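Chemist: Provide a 3D model corresponding to the input given below.
(chains A and B)
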Number of protein chains: 2
Amino acid sequence: RRMRAGPAGWMALGQTWLVVSVVGVCIGINAALISIVTEWLSDIKMGYCADGWWLNEQFCCWEIEGEDETNACDSWHPWSDGGFARWFIYVLFAAIFAFVAAHLVRALAKYAAGSGISEIKCILAGFVMQGFLGFSTFFIKSLTLPLVIASGLSVGKEGPSVHVACCIGYIVAGWFPKFSSSQAKMRQVVTAASAAGVAVAFGSPIGGVLFSIEEMSHNFSIKTMWRSFFCALVATFTLSAMNPFRTGKLVLFQVTYDRDWHFFEIIFFVILGIFGGLYGAFVVKFNLQVAAFRRKYLQSHGVAEAVFLAVVTAMIGYFNRFLRIDMTESMAILFRECDASTGGGTGDICQTSIQWRLANSLLLATLIRTALVVISYGAKVPAGIFVPSMAVGASFGRMVGIMVRAAYKAYPHSGIFAYCDPNVPCITPGTYAFLGAAAALSGVMRITVTVVVIMFELTGALTYILPTMIVLLVTKAVGDLLGTNGIADEMIRFN
Amino acid sequence: RRMRAGPAGWMALGQTWLVVSVVGVCIGINAALISIVTEWLSDIKMGYCADGWWLNEQFCCWEIEGEDETNACDSWHPWSDGGFARWFIYVLFAAIFAFVAAHLVRALAKYAAGSGISEIKCILAGFVMQGFLGFSTFFIKSLTLPLVIASGLSVGKEGPSVHVACCIGYIVAGWFPKFSSSQAKMRQVVTAASAAGVAVAFGSPIGGVLFSIEEMSHNFSIKTMWRSFFCALVATFTLSAMNPFRTGKLVLFQVTYDRDWHFFEIIFFVILGIFGGLYGAFVVKFNLQVAAFRRKYLQSHGVAEAVFLAVVTAMIGYFNRFLRIDMTESMAILFRECDASTGGGTGDICQTSIQWRLANSLLLATLIRTALVVISYGAKVPAGIFVPSMAVGASFGRMVGIMVRAAYKAYPHSGIFAYCDPNVPCITPGTYAFLGAAAALSGVMRITVTVVVIMFELTGALTYILPTMIVLLVTKAVGDLLGTNGIADEMIRFN
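Modeler: Numbers count the residues shown, from 1 in each chain, chains lettered A, B, ... in the order given. Predicted structure coming up:
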């Protein structure tokens, strides 16, 4: 770890840091642009802003944000007042978005399809794939990602965001002979860029560093870790300085669970862990079958397939409150802690009077979303699996949480519930959603330490560190018993 | 990652998990016992409980904890009412504790002296040191650690706690032929145990896992990481189930900084980072000189040296409010955010009327503590350097924070301070203390990702993740420029 002597050594060292900084800044700017466009496209499906077509709902209604949520904003016009017409326009936009995205990918950059994480793992292990990290891949993937997310497909932006980040790393480092002439040095920059990709996708810099260690790198070294750390920091800092959402927050779903957990809840946490393991094994197994089917029959119908998936997703999803809205938004609602102050305004996720309807809705959301993930992941558009998995886990977890709370309300003094302090709410369904999301993410990717750190950077719910670890342990045990690997590894083997 | 087939494979796999679980449980229990004894010994220096000599101040005054802090507890008697007598008894106890600890170490287990981290790094790299992880080392180190901490020496319990944990791992795994016959398998268990050691010392399970990756392991593998994860989880869970402080909290100094930071504050954060780097280089350099001096002249006067250090520390420290109390307690005060509700009761760290006196006190505390760390680390008693370094950084950081806040109060509208919202407090000195602690810890150990995670697990201050990363980056740059390594590596080279 000693510094190198001499001006040549300093130059070389300086060049590395310069490259990593530039890569970080570009990743941050790109992520901010993607976020802004995604937000706008998602809102345009529901209506438009009279003050200017380029404003999304949030900025259109900026002035009156303090007031009541429903219909307080006059400048924002829904496309139609009728239920059916609204549904039709929603589906239509989804189809258009998916068509444009899939067409661009097919016409201009085939490598921009899919998540890209499996392929990058191969590249970092030493394989050479010409053009996979090239400029056209980068450009088309950045351009189509917002379209795909806005189309409502059950795909996430995290995998593509890592891929785009790695492209940036590869392109920028290619300008310097030091890196363009050395595969090994280039791989280090790409590893650092992958850390920054996760960092900006989740707003989780340390999670990004760990991701690059746990999932990406084959030859771990302290030096690589340092570069990942630095690149993730620069990228996150750039993103936070650009502040695309004007919230000033990096933390995506800030929740503070001020109630502690009880030891008896571990029983239910274990259920969530088992669900995570089963979900992971199920998705990996059937997604591979879908991939085989796709290769056999749909090889040349990528665009039609994407449009079909988007239409089906939009048609079904419109009727479930948790599927209709954006996945991150729906998770933010599911993670929420219920207390006196959030009883009415925040939708009615906290109302006990409709708890069975909610549980039913959540069960449907879990099942439908799982099916959609299985058929959507691998479609010929940019598509990640992180966020959809978390959304599935969150809806299942919240469902379990609501049922446990209902059981507690019915028998507050019997059996295990006797340990609860009767003066404070005993069960917090939001924490079950949080743990379910962690379990599903870990189940499908088979990464653990990274997931713990990402979940904490996403929410800040530090009191739940032990439950999270227990859940992930169970998930891993179930996954090992079923003998599946992570989806990225299985995809590599499949290809 | 596939499971092994056949009953023999299952047996072998089960044995590994059994060993790691038992190791984790033992580490958790041991840590809880050490905490309880330390607490009691620290309080006995100031007074005793009339209701029972075995109660510490907290439990003695359990019933009336809600009331005013000062003199509200009748059962707790200070040793004397006079100022001088009280000081004398304080020094006397410190001397007795140090004498007993140093004597036990010299008579029964020479290896129990020092931190142990350097030696464990050597063992994990393949060296064999007979008896270093043996039972007598474990027993004597666990027994003398509370005495040393309670004696008030500027040493921490984290290094020794890792050493003790590794001993437990070595002893437990030694019962099984699978591990006692294979050095490589034994090293994996010891690595996992070191993760659990950090986990219980800081209440930071993920920090422990990262520590075992960043500082300890030479051949990083996902399998080792898994075992570290599991062992840290079991140990932390055991500790939290035993709940030695009856707070139910793992988080040592829970702080929630609800104000965000400003971009211009980065100037001051950089100062903290530079301080961390300089502090690390200074301590490493002079501590090595002290070690050389010690080896030359004090080889056979270990007990006298420890008693001398304890007496000097106690005599000087008694007159500085931040040095007199326990280091963790003092950090908890320094990290605190000042708002309306904590104006009066919580000592007067938040009062602006005495801010210059406080800054002066903090400067003195920083300088004296640094000097004490330099001469104390390496004394022939169990001694870590984590917590003292953090305490130094926290006092320096709080001093900087108080000065910045004073500058802001003097010129609220000029220059950089114009960016502050005048309606909310602009500068939060507690966050400077937090960042200073991170910088000093990183400066002396030269670990980074681990430090970020440990700081967040210690406090839960997630909004400050970017400032923390910036500070640590500056610290690393300064340390690299000065060309020093971490203290553990330097100690290895010295020996």
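
Chemist: Name the next helix or strand downstream of the host helix or strand of residue A:478, please.
Modeler: Secondary structure from DSSP states H and E places residue A:478 in helix A:465-482. Later in the chain than helix A:465-482, the nearest helix or strand by DSSP H and E is helix A:487-494.

Chemist: Any chance you could list what contacts that next one?
Modeler: Contacts with helix A:487-494, where a contact means CB atoms under 8 Å, 6 or more residues apart in numbering or on different chains, come from A:115, A:117-118, A:121-122, A:215, A:280, A:283-284, A:287-288, A:291-292, A:377, A:385, A:444-446, A:484-485. Bear in mind the C-beta positions are built from the backbone N, C-alpha and C, glycine included.

Chemist: Same question for that helix: list its buried residues.
Modeler: Neighbour counts over helix A:487-494 (16 or more other CB atoms under 10 Å in any protein chain shown) mark A:487, A:488, A:489, A:490, A:491, A:492 as buried.

Chemist: Can you give the distance of that helix from its chain's centre?
Modeler: Taking the mean of its C-alpha atoms, helix A:487-494 sits 19 Å from the chain's own mean (CA atoms, centre = their mean, to the nearest Å).

Chemist: for stretch A:206-224, same thing?
Modeler: 19 Å.

Chemist: Show me what counts as buried in it.
Modeler: Within stretch A:206-224, the residues that qualify as buried are A:206-217, A:220, A:224, counting by 16+ other CB under 10 Å.

Chemist: Hmm, residue B:459 and residue A:460 touching each other?
Modeler: No: the pair residue A:460 / residue B:459 is not scored as a contact, 11.2 Å apart, by CB atoms under 8 Å.

Chemist: Which of the two has more residues huddled nearby?
Modeler: Neighbours per residue (other CB atoms under 10 Å in any protein chain shown) separate residue A:460 from residue B:459, with residue B:459 holding more: 25 against 21.

Chemist: Quick check, pLDDT for residue A:190.
Modeler: For residue A:190, the model assigns a pLDDT of 91.

Chemist: That one sits in which helix or strand?
Modeler: Assigned by DSSP H and E, residue A:190 falls in helix A:183-202.

Chemist: Specify the local secondary structure of the closest residue to residue A:188 other than its chain neighbours.
Modeler: Among residues not flanking residue A:188 along the chain, residue A:224 sits closest, at 5.6 Å (CB to CB, 6 or more residues apart in numbering or on different chains). Under DSSP: H, G, I helix; E, B strand; the rest coil, residue A:224 falls in the helix class.

Chemist: Could you list the low-confidence segments of the stretch 201-350 of chain A?
Modeler: Low-confidence segments of the stretch 201-350 of chain A (pLDDT under 70): A:217-220, A:244-256, A:258, A:339-349.

Chemist: Please, where are all the helices along it?
Modeler: A:205-211, A:222-242, A:266-297, A:302-317, A:321-324, A:327-335 (DSSP state H, counting those that start in this stretch).

Chemist: Could you list the residues in contact with the shortest one?
Modeler: To tie it back to what came earlier, the one meant is helix A:321-324. Contacts with helix A:321-324, where a contact means CB under 8 Å, 6+ apart, come from A:316-318, A:330, A:333-334, A:347, A:361-362, A:365, A:368-369, A:395.

Chemist: Neighbour count and distance to chain B for those residues - can I get that in a markdown table?
Modeler: Below are these laid out as a markdown table (neighbours: other CB atoms under 10 Å in any protein chain shown; distance: CB to the nearest CB, whole Å):
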| residue | neighbour count | distance to chain B |
| --- | --- | --- |
| A:316 | 16 | 35 |
| A:317 | 23 | 32 |
| A:318 | 18 | 35 |
| A:330 | 21 | 22 |
| A:333 | 19 | 21 |
| A:334 | 29 | 20 |
| A:347 | 14 | 25 |
| A:361 | 20 | 31 |
| A:362 | 27 | 28 |
| A:365 | 25 | 28 |
| A:368 | 20 | 30 |
| A:369 | 29 | 27 |
| A:395 | 29 | 25 |
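
Chemist: Of all pairs in those, which one is the farthest apart?
Modeler: A:316 and A:347 (20.4 Å; CB to CB).

Chemist: before we move on, back to that, out of the buried residues of helix A:487-494, who's nearest chain B?
Modeler: residue A:489 (8.2 Å; CB to the nearest CB).

Chemist: how's chain A carved up into domains?
Modeler: According to automatic domain parsing, chain A comprises the domains A:6-63+A:74-242, A:263-494.
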